[in-house]
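Q: pasting the sequence and the predicted coordinates here, then a few questions.
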Amino acid sequence: MTGPDRTAVSGSRLLFVTPEPPSATGGGLAMRAGSVLGALAGAGWEVHVLVVPVHGDRPGGGGPLVTRFAAAYDVLDLDALAPESRRQAALDVLGDPALRLALTATSPRPAPCRQLGGAVVRAVTDRALGMGREAGVSFDAVHVLRLYLAPVLDALLARPDRPQITLDVDEDDASVAGQLHALGRAGARGGLVPADLPDPGEDAGDAPAYAPAYERLQRWYLPRVDRVAVASADEAGRLEARSGLATGTIVVVPNEVPATGTSTGTSTGTSTGTSTGTSTGTSTGTGTGTGTGTAPVTTDLLLVGNFSWPPNADAAVVLCDAVRPALADALGRPVTVALVGKDPPPEVRRLGGTAGVTVTGFVGDVGPYYAAAGVAAVPMRAGGGSRIKILEAMDRGVPVVTTEAGAAGLDAGSTPPPVVVARSVEAFVDGCRLVLDDAAWRARTVRAARRWVRDHHGPPAVATAMGALVGAPGRRPPRPAARRGSDDG
């Protein structure tokens, strides 16, 4: 590993295994990794980051957040560790009883797990225990981000001398897989409520194996680690019931939105199309914060996200094909839309051919788009965890109109988030009209939303939750008492 030279005190070294480099910007997974890294370092852990890039190309350096908070950083070379043949892959597993038992209980595994063969498992185990090439640097705790990376723990979990192990699943992957199947079958059909989509159980012959595959991972790994993190209380309840976990095993670690110190200021102005053709109309609204002067609303509806994620792409289509024309009819003027984010698929790129719709692709700074937006419109019909795009909009002073699926995971105790939740396209349009037309309501909502985000999703909230999950160096949280199902296959 490479990184700053920091001397660890006894019991303070933690190995953080993540599928993406931690970052303060970008996609939700990288941002969650970034908030976890910051919380761990803030608690006094000497954090060594190990990226296991199961999603594609090997990333480069770790970026400024890693430089600031990580004691060391490395990327596992999956190509170099890949078996030369299927026979070699089988031998790698059959030769280790722990790997063989885990694979038998969890096969077939989801696609992201398929690169995690015996050589990868041994590389992570050696790293954690200070063995082999990694001799001399052992770890007191191991924290793994995402359920599909849990197989790297197969050998480590079987050892009586293993360090503390925590697993951040982020969301209920099995539930999300079922939603994605329903979404794919729905196409343009169905409403904005998940219950309105076709039942994932219909036509079972074409149902993908992803949902049961993730359920197998949950049943096997969740009872075997010391504690489990998830992004929302709702998903924590489902996982506890499904996996037979003892009370206290699951800790809700909320997604974090760092305070931006930005604001849309007082917004009033004219909407203009920015893709092909132009459209004009008048949008008014107010926001409060540290900004001064006026910031004209030049985009009525803004959707930010990684559009390679099917629920985000589906939301873009719903927003442009269903919400935008209905809102234009209701307002009596054209409506502008900006779809901001990387990797838009063909069904999203074609939306840019509509007058008034902009598809940006990747942008380095989303701030100007939030500053110019009237509404953060998030008509999602599926997904898991909590939506960082919604939290980010709230913190930046842009009122949010979303759906039940979009607001799912924003369950901070008894205090509901100050967002508009719509159950139909008609209600979604009404919510957007309210935001655009009622300046006083908008101002109150912006103030309340920023407070809510900072109270429930700011760095202090994440630090407190991570303390309950991992503890501080030399002070582990007590293990939950009785555990159910830890020997189930």
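A: Nice, thanks for sending it over.

Q: with only the CA atoms kept, save the helix or strand where Leu301 lies in CSV.
A: When elements are assigned from DSSP states H and E, Leu301 belongs to strand 299-304. The C-alpha trace of strand 299-304 is given here as CSV (Å, rounded to 0.1, in the frame of the first residue of the first chain):
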residue,chain,number,x,y,z
THR,A,299,-34.2,25.1,-15.5
ASP,A,300,-37.7,24.1,-14.2
LEU,A,301,-37.0,20.5,-13.4
LEU,A,302,-33.6,19.0,-12.5
LEU,A,303,-32.7,15.3,-12.1
VAL,A,304,-29.1,14.4,-11.0
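
Q: can I get whichever helix or strand comes after it as PDB, trimmed to CA atoms?
A: Downstream of strand 299-304, the next assigned helix or strand under DSSP H and E is helix 310-318. What follows is helix 310-318, C-alpha atoms only, in PDB (Å, rounded to 0.1, in the frame of the first residue of the first chain):
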ATOM      1  CA  PRO A 310     -31.700   1.600 -14.300                       C
ATOM      2  CA  PRO A 311     -34.000   3.300 -11.700                       C
ATOM      3  CA  ASN A 312     -32.300   6.600 -12.500                       C
ATOM      4  CA  ALA A 313     -32.700   6.100 -16.300                       C
ATOM      5  CA  ASP A 314     -36.400   5.100 -15.700                       C
ATOM      6  CA  ALA A 315     -37.000   8.200 -13.700                       C
ATOM      7  CA  ALA A 316     -35.500  10.400 -16.500                       C
ATOM      8  CA  VAL A 317     -37.900   8.800 -19.000                       C
ATOM      9  CA  VAL A 318     -40.900   9.300 -16.700                       C
END
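
Q: helices or strands up against the strand holding Leu301?
A: helix 310-318, helix 324-331, strand 337-340, helix 367-371, strand 373-378, helix 388-395, helix 425-437 (3 or more CB pairs under 8 Å, 6 or more residues apart in numbering; DSSP states H and E). To be clear about C-beta, it is placed using only N, CA and C from the backbone, and glycine gets the same treatment.

Q: got the angle between the helix or strand following the longest one and helix 425-437?
A: Translated: helix 425-437. Under the assignment DSSP H and E, the closest C-terminal helix or strand after helix 425-437 is helix 439-457. Inter-element angle recorded for helix 439-457 and helix 425-437: 110 degrees (by axes from the mean of the first three to the mean of the last three CA atoms, to 10 degrees).

Q: what residues of the helix or strand containing Pro212 count as buried?
A: Pro212 is part of helix 210-221 when elements are defined by DSSP H and E. By 16 or more other CB atoms under 10 Å, the buried positions in helix 210-221 come out as Tyr210, Ala211, Ala213, Tyr214, Glu215, Arg216, Leu217, Gln218, Arg219, Trp220, Tyr221.

Q: for the strand holding Leu301, what is the average pLDDT?
A: In this model, strand 299-304 has an average pLDDT of 96.

Q: so in that sheet, which strands flank that strand, and in what orientation?
A: Take DSSP bridges as the rule and strand 299-304 pairs in its sheet with strand 337-340 (parallel), strand 373-378 (parallel).

Q: who's in contact with the shortest one?
A: Put plainly, it is strand 337-340. 274, 299-305, 307, 316, 319-320, 324, 348, 351-352, 356-360, 363, 366, 369, 372-373, 377 (CB atoms under 8 Å, 6 or more residues apart in numbering).

Q: report the distance from that strand to the chain centre.
A: Centroid separation between strand 337-340 and its chain, computed with CA atoms, centre = their mean, to the nearest Å, is 20 Å.

Q: any idea which helix or strand comes after it?
A: Strand 337-340 is succeeded, C-terminally, by helix 346-349 (DSSP H and E).

Q: in that next one, what's buried?
A: The neighbour-count check on helix 346-349 (16+ other CB under 10 Å) flags Val348 as buried.

Q: what packs against that helix?
A: Contacts defined by 3+ CB pairs under 8 Å, 6+ apart place helix 346-349 against helix 310-318.

Q: now the angle from the helix it packs on to strand 299-304?
A: Using the same axes, to 10 degrees: helix 310-318 against strand 299-304 is 160 degrees.

Q: and the angle from helix 310-318 to helix 324-331?
A: Relative orientation of helix 310-318 and helix 324-331, computed by the same axes, to 10 degrees: 40 degrees.

Q: quick one: mean pLDDT for helix 310-318?
A: For helix 310-318, the mean pLDDT works out to 92.

Q: now do it against helix 388-395, angle only.
A: Here helix 310-318 runs at an angle of 60 degrees relative to helix 388-395 (the same axes, to 10 degrees).

Q: please identify the residue most distant from the middle of this structure.
A: Distance from the centre of the chain peaks at Gly332, with 37.2 Å (CA atoms, centre = their mean).

Q: give me phi/psi at it?
A: When read as degrees, to the nearest 10, the backbone of Gly332 gives phi 70, psi 30.

Q: ok so, going back, next structured bit after the helix holding Pro212?
A: Counting by DSSP H and E, the next helix or strand C-terminal to helix 210-221 is strand 227-230.

Q: which other residues reach that next one?
A: Residues from elsewhere that reach strand 227-230 (CB under 8 Å, 6+ apart): 166-172, 222, 236, 239, 245, 249-253, 385, 465-466, 469-470, 477, 479-480.

Q: looking at those residues, which are in helices?
A: Using DSSP state H, the members of the contacts of strand 227-230 that fall in helices are Ala236, Leu239, Ala465, Met466, Leu469, Val470.

Q: so which of the residues you listed comes closest to Ala150?
A: Leu239 (13.2 Å; CB to CB).

Q: so, low pLDDT: which residues of the stretch 251-400 of the chain?
A: Flagging of the stretch 251-400 of the chain using pLDDT under 70 yields the residue ranges 258-297, 385-386.

Q: distance from the chain centre to stretch 51-62, please.
A: Relative to its chain's centre, stretch 51-62 lies at 17 Å (CA atoms, centre = their mean).

Q: next one: stretch 376-384
A: Worked out by CA atoms, centre = their mean, stretch 376-384 lies 13 Å from the chain centre.

Q: next: stretch 354-367.
A: So, by CA atoms, centre = their mean, the centroid of stretch 354-367 is 21 Å from its chain's centroid.

Q: still on that earlier bit, turn the buried residues of helix 210-221 into a markdown table, including distance to Asp161.
A: Below are the buried residues of helix 210-221 laid out as a markdown table (distance: CB to CB, whole Å):
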| residue | distance to Asp161 |
| --- | --- |
| Tyr210 | 35 |
| Ala211 | 36 |
| Ala213 | 31 |
| Tyr214 | 30 |
| Glu215 | 30 |
| Arg216 | 27 |
| Leu217 | 25 |
| Gln218 | 26 |
| Arg219 | 25 |
| Trp220 | 21 |
| Tyr221 | 19 |
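
Q: that older thread, what's in contact with the strand holding Leu301?
A: Strand 299-304 is contacted by residues 271, 274, 281, 283, 312, 315-316, 319, 323-324, 327, 335-341, 358, 366, 369-370, 372-378, 389, 392-393, 398, 432, 436 when judged by CB under 8 Å, 6+ apart.
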